[in-house]
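Engineer: Kindly return the folded structure for what I paste below:
(chains A, B and C)
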Amino acid sequence: MPFIRESWYPASWSSSLGAEPVARTFLGEEVVLYRDSQGTAVALSNICPHRFAALAKGKLHGDAIACPYHGLRFGPDGRCVHNPHGPATGAIRVRSYSLVERHGMVWIWMGQAENADPAKIPVLSAREDAQFDWVEGYLHVEGNYQLVIDNLLDLTHVEFLHPFLADPSDTFPTEVTCHEEGEQVISQYNRPQCKRTPLVAGLWNDAPEVISLLSVMRWQAPANLVQRNCFDVARHADMANAHVQVPFCHLLTPETETTTHYFWAGGRNQLQGVPAVSEGFRLGVEGAFKNEDEPMIADVQGRMKGRELFDMKPLLLPIDKSAVLARRRVSALLKAELA
Amino acid sequence: MPFIRESWYPASWSSSLGAEPVARTFLGEEVVLYRDSQGTAVALSNICPHRFAALAKGKLHGDAIACPYHGLRFGPDGRCVHNPHGPATGAIRVRSYSLVERHGMVWIWMGQAENADPAKIPVLSAREDAQFDWVEGYLHVEGNYQLVIDNLLDLTHVEFLHPFLADPSDTFPTEVTCHEEGEQVISQYNRPQCKRTPLVAGLWNDAPEVISLLSVMRWQAPANLVQRNCFDVARHADMANAHVQVPFCHLLTPETETTTHYFWAGGRNQLQGVPAVSEGFRLGVEGAFKNEDEPMIADVQGRMKGRELFDMKPLLLPIDKSAVLARRRVSALLKAELA
Amino acid sequence: MPFIRESWYPASWSSSLGAEPVARTFLGEEVVLYRDSQGTAVALSNICPHRFAALAKGKLHGDAIACPYHGLRFGPDGRCVHNPHGPATGAIRVRSYSLVERHGMVWIWMGQAENADPAKIPVLSAREDAQFDWVEGYLHVEGNYQLVIDNLLDLTHVEFLHPFLADPSDTFPTEVTCHEEGEQVISQYNRPQCKRTPLVAGLWNDAPEVISLLSVMRWQAPANLVQRNCFDVARHADMANAHVQVPFCHLLTPETETTTHYFWAGGRNQLQGVPAVSEGFRLGVEGAFKNEDEPMIADVQGRMKGRELFDMKPLLLPIDKSAVLARRRVSALLKAELA
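Structural biologist: Numbering: from 1, shown residues only, chains lettered A, B, ... in the order given. This is a model prediction of the structure:
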């Protein structure tokens, strides 16, 4: 299946990108990322047009990157600024991608250059909310990005796959609902009573053994998910203003048909600024994603052997509704884009 | 080439299968094997119909196995017995395979369920003969099962490939014959005189330096071979009642087109019950199969690059007769099965 | 793209080949190389015609090599000289390849046997010149042989890729020229002034900091390159008789479409016979080829994803002229050979 191209995609956490060139493949295209001397993020095609060497293996000369093979240098706009073997004509160039830094993320525009409107970047308002202290992470997933979306839009898997995030012995009921709002598909996971979990215990001193949890996951195309997790005492009425708020961003970029860049950030309005709490939070979340979700997704991807999910006729359960809605929207957007 | 499906295949040595679920692929199909609370062996499709997760990575709940991703549970008959997200309807199910335990082996029926007649399980009478003490082994072979059959039906390779099983300096003549009996192809390897080998020396105290050997290999479709090895003093007349009897079972199941499950067992009527003898016997045989046969078969498989053996026009020698007869029978059975 | 077959190809340095059989693939064909009891080099198809086992895993019996699986033995002419299972008829044979040892190299003829004329072996006169002391090496390259030729015919890459061979801070100008002479494409790399490099410093005691360099690379089809490197004081007029002469041979054989055998030898007319100098020279050159050229070529090969170079529409620079001429000659020779 082709990818939605006319979109901003997460390319790198701002905090991870420096002057050192980094090679990264987005939507099957090889890109080199670096910061110029002013600190401005740059994204160029990673492939030198001369002999197809990887620019990311070269060195920066001022704001230009030099091909490591025969020394052609390309500036941030993709034009050759130095040709050791002749004139640096305008014909010698690589694609330069539009980048915008917002919400701590470097966003790359993979579509037609003239459509790169920063207003289309997803709004991650929690990332700008001063009450939250954030940790960030990155995971390389050996699976198609839609399998990751499926995973995130159906949070019922948490109680089976993630003991850090849900107590496996917990038998309190869960209410799962799903609806659409404008361009978003929203999956809601409501537990008026549930057992305290290691994640909650680490963020909420003196949390009771039974608490309430509301988790709201909002997906928007192509692959950005914003999650609100609210914890309070059991059967708490006003979950929107719950005592413990743990927002998440799950921002995905397809690398290839079968691999995905997964950028995540988790915030908290409790115990902010305590390094040990941040580290425990980060390690717990990373462990769940890396040791539990990723192997599961990679295993399913391998079993698909190049087939599309729906061609395999999966058994559809009520919990799949939001994932199916999101997949339908992706298909419709792709159809429109290819029209 | 497709596989013969209407057949019992070896799935696991009975002694190796416990309550812990095991994933194993037979004829290209992923299966999970486990024992229920009564100790009865169960075989189900390993692929959850919901999101295609591997059931073998899940846990048992009573006699049912739970999908590790979203918690659907399937009983030994393949029906969903618990759906955490709605009713456990009869429509939710995985294939359940017929299993029979006999001769210390768990046999799985890979064909149409209604044809699973236990009378069709190969008779391994030596396995029930109290005079024999047995060791068992398993080898994963990186080659098509027919290459393993070829190997076993032409024992002349032993003197070139296996110094534990035949002395390379031995120049006594070998008589190889081949015939068919009902559904069996029988290859006979007769050496009225031959040098004592490490295998024989380990099983026969005071064996003379020159002995006699008769080895009879009986193949029946799809891939089961029963071997009688008889050793006695040189030029012994009545080999059927030879002093030293070393029966073998070689039981094969195709895993994929290019890989094979090889279950073997070796018995002896000498020095029974002596652990050091058992261990030396097991290690010697395993070493020959694993370090000598398997690399040879894997090397040939790699060289075939997806071609069928006969399409490569092998030079046929008299020693290939039994292997060719077996391959012809496999082809005929396949043709009949696909008709 | 197919390979030029009617040609001598380098198979092994003479000094590397002994009685021990070696398996090596040339132009996609598996060959076994060994020396017979007289020390004469032998090349046979490595594939036993019986069961396709690798002869190179067998042992020599006199001048014949025995198949490790069922013991057929083949003599240097490829005919079966011993069949343990029946008569050794003339019909049982493997291909025997013509070999000639010249200039310290074992050359193999991969074309029609009747065309194997030793006069067609490339003349490596420097290898016979007593003033030179040689070191030899071998590199397995994960790239098509034409990418290696491209690399060698455009020496401007040296200043970007190889700090041992060119000082990266050197800004003296380089003159690159290219011409054809008979069957050769000649690329000339002329630096009347350039900085002394580690390579030169190791071969020329008291070399000045600025020297002159002339490097002449001569390619002839399919993939043999002879290089003269001359060093002297800066702006030296008579470079043909320069003080320091460092000839190289770069002899390539395609292994597969995407891998290459790269045999190289480097000579020097300075500090001959000093083991530490030889070893420093060998290590420096090997390091440049193995750690700098090979990864670059392998990276480009991976990026080609099965496409031909010109189908990828590379940007052509003046420095590519000799490589383009060589590629055109290869195409013309292939076209003639397939006509």
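Engineer: helices or strands up against the biggest helix by length in chain A?
Structural biologist: Determined from DSSP state H, the single longest helix within chain A is helix A:321-338. For helix A:321-338, the elements it packs on are helix A:145-153, strand A:175-181, strand A:184-195, strand A:210-220, judged by 3 or more Cβ pairs under 8 Å, 6 or more residues apart in numbering or on different chains; DSSP states H and E. In short, each C-beta sits where N, CA and C put it, glycine included.
Engineer: Cross-check the contact I'm expecting between A:Phe164 and A:Ala288.
Structural biologist: Yes: at 5.3 Å, A:Phe164 counts as touching A:Ala288 under the criterion of Cβ atoms under 8 Å.
Engineer: So which residues on chain A come close to chain B?
Structural biologist: Taking Cβ under 8 Å from any Cβ of the partner chain as the contact definition, chain A meets chain B at A:150, A:154, A:156-157, A:159-161, A:176, A:296, A:299-300, A:303-304, A:312, A:314-315, A:317-320.
Engineer: Contacts only, for A:Lys57.
Structural biologist: A:Pro21, A:Ala23, A:Pro68, C:Asp299 (Cβ atoms under 8 Å, 6 or more residues apart in numbering or on different chains).
Engineer: For whatever residue of the stretch 201-339 of chain A ends up closest to chain B, list the residues it contacts.
Structural biologist: Residue of the stretch 201-339 of chain A nearest chain B, by Cβ to the nearest Cβ: A:Leu315 (4.2 Å). Applying Cβ under 8 Å, 6+ apart to A:Leu315 gives the contacts B:Pro49, B:His50, B:Ala91, B:Ile92.
Engineer: List the buried residues for stretch A:290-304?
Structural biologist: A:Glu292, A:Asp293, A:Glu294, A:Pro295, A:Met296, A:Ile297, A:Ala298, A:Asp299, A:Val300, A:Gln301, A:Arg303, A:Met304 (16 or more other Cβ atoms under 10 Å in any protein chain shown).
Engineer: would you say the fifth one is within a helix?
Structural biologist: Read it as A:Met296. Yes: A:Met296: assigned to a helix according to DSSP: H, G, I helix; E, B strand; the rest coil.
Engineer: how is chain A carved up into domains?
Structural biologist: Annotated domains of chain A cover A:8-120, A:125-338 [automatic domain parsing].
Engineer: related to what we said a few turns ago, let's see if you can find the most crowded of the contacts of A:Lys57.
Structural biologist: The most neighbours of any of those, using other Cβ atoms under 10 Å in any protein chain shown, belong to A:Pro21, which has 22 neighbours.
Engineer: ok, it - contacts?
Structural biologist: A:Val32, A:Leu33, A:Tyr34, A:Leu55, A:Ala56, A:Lys57, A:Gly58, A:Leu60, A:Ile65.
Engineer: so A:Pro222 sits in a helix?
Structural biologist: No: under the criterion used here (three-state DSSP), A:Pro222 is coil, not part of a helix.
Engineer: Pipe the contacts of A:Lys57 into a markdown table and attach secondary structure per row.
Structural biologist: Output for these, formatted as a markdown table (three-state DSSP):
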| residue | secondary structure |
| --- | --- |
| A:Pro21 | coil |
| A:Ala23 | strand |
| A:Pro68 | coil |
| C:Asp299 | helix |
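Engineer: which residues touch stretch A:134-141?
Structural biologist: A:13, A:15-16, A:104, A:127, A:148, A:255, A:259-267, A:278, A:281-282, A:285-286, A:289-290, A:294, A:297-298.
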